[in-house]
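Have a look at this prediction, sequence included:
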Amino acid sequence: MTDNVNSPDHYASNTIECINYIYDTLGVDGFVDYCRGNIMKYNHRVLDKNKCPVEDFKKMQKYAEFAINALEGKKPSN
């Protein structure tokens, strides 16, 4: 079963996870901004996109976790 929140198949098809590539490219500050932007995006459309918005709320939670970990000096992990 695919987990679209924690480990989407389409983000792990290369030698490096997409989230790690973004972290390595943007650095901590840029990565935190990226996470904040994704939280804003999911929050903006959460009630319009699906009849069951639980997945988007979980995605917001995951991006908040990524940002917190980055600020604590930890690289992303799924």
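Looks like it arrived, so ask away. Residues are numbered from 1 along each chain as shown.

Where does residue 51 sit: helix, strand or coil?
Secondary structure, DSSP: H, G, I helix; E, B strand; the rest coil: residue 51 is coil.

That one: neighbour count?
Residue 51 has 5 neighbours, counted by other CB atoms under 10 Å. Every C-beta, even on glycine, is put in place using the N, C-alpha and C of the backbone.

now swap in residue 42 and tell me
20.

That one touches residue 61, doesn't it?
No - using CB atoms under 8 Å, residue 42 makes no contact with residue 61, being 9.6 Å away.

what residue ranges in the protein score low on pLDDT?
1, 7-14, 50, 78 (pLDDT under 70).

Quick check: which element contains the residue nearest to the spatial centre of the chain?
With distances taken as CA atoms, centre = their mean, the residue of the chain nearest its centroid is residue 63 (4.0 Å). Using DSSP states H and E, residue 63 maps to helix 54-71.

CA atoms only: put that helix into PDB for me.
Extracted in PDB, the C-alpha atoms of helix 54-71 (Å, rounded to 0.1, in the frame of the first residue of the first chain):
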ATOM      1  CA  VAL A  54      -7.300  13.900   6.500                       C
ATOM      2  CA  GLU A  55      -4.400  13.200   4.100                       C
ATOM      3  CA  ASP A  56      -3.700  16.900   3.500                       C
ATOM      4  CA  PHE A  57      -3.800  17.600   7.300                       C
ATOM      5  CA  LYS A  58      -1.300  14.800   7.700                       C
ATOM      6  CA  LYS A  59       0.900  16.300   4.900                       C
ATOM      7  CA  MET A  60       0.800  19.700   6.800                       C
ATOM      8  CA  GLN A  61       1.900  17.800   9.900                       C
ATOM      9  CA  LYS A  62       4.700  16.100   8.000                       C
ATOM     10  CA  TYR A  63       6.100  19.400   6.600                       C
ATOM     11  CA  ALA A  64       5.900  20.900  10.100                       C
ATOM     12  CA  GLU A  65       7.900  17.900  11.400                       C
ATOM     13  CA  PHE A  66      10.500  18.400   8.600                       C
ATOM     14  CA  ALA A  67      10.800  22.100   9.500                       C
ATOM     15  CA  ILE A  68      11.200  21.300  13.200                       C
ATOM     16  CA  ASN A  69      13.800  18.700  12.500                       C
ATOM     17  CA  ALA A  70      15.800  21.000  10.200                       C
ATOM     18  CA  LEU A  71      15.800  23.700  12.900                       C
END
